[in-house]
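[1] I need the structure of the sequence given here:
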Amino acid sequence: MCKINTLLIIIISLLIFQSETNGQNEENKPTSFFELETGIGFYDSNMQTYDFFRNSSSVYYQSDRLIDNISSFYYQWYIGAKVEFRLNDNKHAFLTGLRIKKCCSSLGKLSSDYESSEYFFLLYNKNEASSEFLKIKEINQASYYIGIPLELKRIMVNKKYYRFFFKAAFDLNYRLHTTTDVVFFNNLMEEYEDGVINKFDEPADFVSVFYPMVGFNFGREDKSGLIVEFALPSLFVTDKSVSGLVKPDVGCGVQLNIQVPF
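    Below you'll find the model as predicted:
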């Protein structure tokens, strides 16, 4: 009888210890994470409205044909670092950090245009006596921003080796520097580059983007992991004058993160 009581005491003690250990494991789950991120986004865009673009060197032109003959392109690429703070339920989280972003836009002649697939005309100077045109192959602009992302995360599926989540996020960015480059049809026209660049408006100093995301987090929560996220759609919250060349509209993108608990 004594042996049975001793065995029962040992079994109960083991069960209590196991229960306490499991509880401690739940409590010891990391609630703070450090992330390194990189991402890219592409946007549908239209040319900014300027009256100096031409299909030909004639002073008479059909302005409604300009968008058909000049193509526009816009994308952004960024790197950054963030911290994630989990709430007590381990389902919700808040993320913020610092991000460096490069936004690129370009204008060029559509290669399918039957009139000329190599260049378009830009009215450089006009007076009562004459008009001066330049042949341009493409114009490229790059703006550099420093920004702060603010993200709310909801973990929908939480398994041992992967998690599926949804994010509602936006970032606020300040423009540091902008460069514009003109590719002329003839290199002899390069002396006019500064004059051409001055015809375009500067991008906005502050830019904000809203980007809902879905993603997968691979790896154990208490170890380093890889995160893959997809943004669709991505929308500009502030004025769309984020480029002196084009007006971006709706975009999509992908983001990769390395996550480390701390």
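
[2] rest of the way, CA atoms for contacts and neighbours
    Will do.

[3] Could you verify my assumption that Phe73 touches Ser45?
    Yes. Between Phe73 and Ser45 there is a contact under Cα atoms under 8 Å: 6.2 Å.

[4] where do the contact lists of these two overlap?
    Common contacts of Phe73 and Ser45, defined by Cα atoms under 8 Å, 6 or more residues apart in numbering, comprise Val246.

[5] Touching, Cys103 and Asn173? I think so.
    No. Contact criterion Cα under 8 Å: Cys103 and Asn173 do not qualify, at 11.1 Å.

[6] so what sits against both of these two?
    Listed as contacting both Cys103 and Asn173 by Cα under 8 Å, 6+ apart are Tyr145.

[7] Tell me where this structure has strands.
    32-47, 53-54, 70-86, 92-109, 120-126, 131-158, 162-184, 206-210, 213-218, 225-236, 246-261 (DSSP state E).

[8] would you turn those strands into TSV with mean neighbour count?
    Putting the strands of the chain into TSV (neighbours: other Cα atoms under 10 Å) gives the following:
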stretch	mean neighbour count
strand 32-47	19
strand 53-54	22
strand 70-86	19
strand 92-109	20
strand 120-126	18
strand 131-158	18
strand 162-184	18
strand 206-210	19
strand 213-218	20
strand 225-236	19
strand 246-261	19
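
[9] Can I get these in a markdown table including distance to Glu190?
    What follows is the strands of the chain, written out as a markdown table (distance: least, Cα to Cα, whole Å):
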| stretch | distance to Glu190 |
| --- | --- |
| strand 32-47 | 23 |
| strand 53-54 | 18 |
| strand 70-86 | 21 |
| strand 92-109 | 17 |
| strand 120-126 | 13 |
| strand 131-158 | 10 |
| strand 162-184 | 7 |
| strand 206-210 | 31 |
| strand 213-218 | 43 |
| strand 225-236 | 34 |
| strand 246-261 | 22 |
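
[10] Select from the ones you listed the stretch with the lowest mean pLDDT.
    Lowest mean pLDDT of the strands of the chain: strand 53-54, a mean of 78.

[11] Each with direction, which strands does that one pair with?
    strand 120-126 (antiparallel) (DSSP bridges).
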